[in-house]
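*Asks:* Pasting a predicted model and its sequence here:
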Amino acid sequence: DQQVKQNSPSLSVQEGRISILNCDYTNSMFDYFLWYKKYPAEGPTFLISISSIKDKNEDGRFTVFLNKSAKHLSLHIVPSQPGDSAVYFCAASENQGAQKLVFGQGTRLTINP
Amino acid sequence: DAGITQSPRHKVTETGTPVTLRCHQTENHRYMYWYRQDPGHGLRLIHYSYGVKDTDKGEVSDGYSVSRSKTEDFLLTLESATSSQTSVYFCAISERNEQFFGPGTRLTVL
């Protein structure tokens, strides 16, 4: 029973274009959402987060959108750069903070020159 | 970098042997976590700790135990390793609204 789902295992985008990574969740008690980026042989690194009281959060090239009614969030990266090639995980929690995260399966993003 | 180290970084062991993985942090964080990462599953929480001697189970705790006798160290033990426990194990700490992860331990059980 996967409470957080990333239905696209992989995504390929041209350099300079927009990358959109999607995440769906089923648990209506989730109230805090995070995106992590992971390179091979390294631990995940935090990218951006959003609380359920907001519907958008922006940090430089990264924007996360939250649609609570659809239980859906997305990460937009614009413009995409070769260094963005990595696996991206979305995660969710019930406590308005980063305790006890539930992760999605991950999406491998490849940025092509 | 939240001062998290994991040891060993790589380990190959045989089915039925006990294995202990260590997570060490240098910044006195209260919450510590152990995850495993497997293809198609993302990261799944094994156990977590909210203080010295205070631990609780996560989503996939069967076959694993943990101990936290000091704030800085969180140990994950596989009492009798099985091939299904071949995975990459990550330790994490949480600070405010983020979790920070260690570099991971790749464990292979033959």
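*Replies:* Looks like it arrived, so ask away. Worth saying up front: this structure is predicted, and the values here are computed from it rather than measured. Numbers count the residues shown, from 1 in each chain, chains lettered A, B, ... in the order given.
*Asks:* burial count for the closest residue to chain B within chain A?
*Replies:* Distances from chain A to chain B, computed as C-beta to the nearest C-beta, single out residue A:43 as the nearest residue at 3.3 Å. In this view, the C-beta of every residue, glycine as well, is placed from N, C-alpha and C. Using other C-beta atoms under 10 Å in any protein chain shown, residue A:43 has 22 neighbouring residues.
*Asks:* Surely it forms part of a helix?
*Replies:* No. When classified by DSSP: H, G, I helix; E, B strand; the rest coil, residue A:43 is found to be coil rather than part of a helix.
*Asks:* Skip the chain neighbours and tell me the closest residue to it.
*Replies:* Once flanking residues are discounted, residue A:43 sits nearest to residue B:101: 3.3 Å by C-beta to C-beta, 6 or more residues apart in numbering or on different chains.
*Asks:* can you check residue A:41 too?
*Replies:* In this structure, residue A:41 finds its nearest non-sequential neighbour in residue B:104, 7.4 Å apart by C-beta to C-beta, 6+ apart.
*Asks:* That neighbour: what's it in contact with?
*Replies:* Shown in contact with residue B:104 (C-beta atoms under 8 Å, 6 or more residues apart in numbering or on different chains): A:41, A:42, A:43, B:6, B:9, B:37, B:88, B:89, B:90.
*Asks:* Check those residues for burial and list the buried ones.
*Replies:* If you count burial by 16 or more other C-beta atoms under 10 Å in any protein chain shown, the buried members of those come out as A:43, B:6, B:37, B:88, B:89, B:90.
*Asks:* Just confirm the residue of chain A closest to chain B contacts residue B:90, I think it does.
*Replies:* Yes. With contacts counted by C-beta atoms under 8 Å, residue A:43 reaches residue B:90, the gap being 5.5 Å.
*Asks:* so what sits against both of these two?
*Replies:* Counting by C-beta under 8 Å, 6+ apart, the shared contacts of residue A:43 and residue B:90 are B:101, B:102, B:104.
*Asks:* Check the burial of the first one by counting its neighbours.
*Replies:* Counted with other C-beta under 10 Å, the neighbours of residue B:101 add up to 23.
*Asks:* State whether it and residue A:37 are indeed in contact, as I suppose.
*Replies:* No. Counting by C-beta under 8 Å, residue B:101 sits too far from residue A:37 to count as a contact (11.0 Å).
*Asks:* Now the common contact residues for those two.
*Replies:* A:44, A:45.
*Asks:* that older thread, arrange the buried ones among the contacts of residue B:104 in CSV, one row each, with distance to residue B:47 as further columns.
*Replies:* CSV is the format used below for the buried ones among the contacts of residue B:104 (distance: C-beta to C-beta, whole Å):
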residue, distance to residue B:47
A:43, 17
B:6, 15
B:37, 15
B:88, 16
B:89, 11
B:90, 12
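*Asks:* Excluding chain neighbours, what is closest to residue B:19?
*Replies:* For residue B:19, the nearest residue in space outside its immediate sequence neighbours is residue B:78; the separation is 4.4 Å by C-beta to C-beta, 6+ apart.
*Asks:* contacting residues for the one you found?
*Replies:* For residue B:78, the set of contacting residues under the criterion of C-beta under 8 Å, 6+ apart consists of B:18, B:19, B:20, B:63, B:64, B:85, B:107.
*Asks:* ok, what's across the strand from the residue positioned nearest the centre of chain B?
*Replies:* Nearest to the geometric centre of chain B sits residue B:34, at 3.2 Å (C-alpha atoms, centre = their mean). Here residue B:34 sits in beta bridges with residue B:47, residue B:91, as judged by DSSP bridges.
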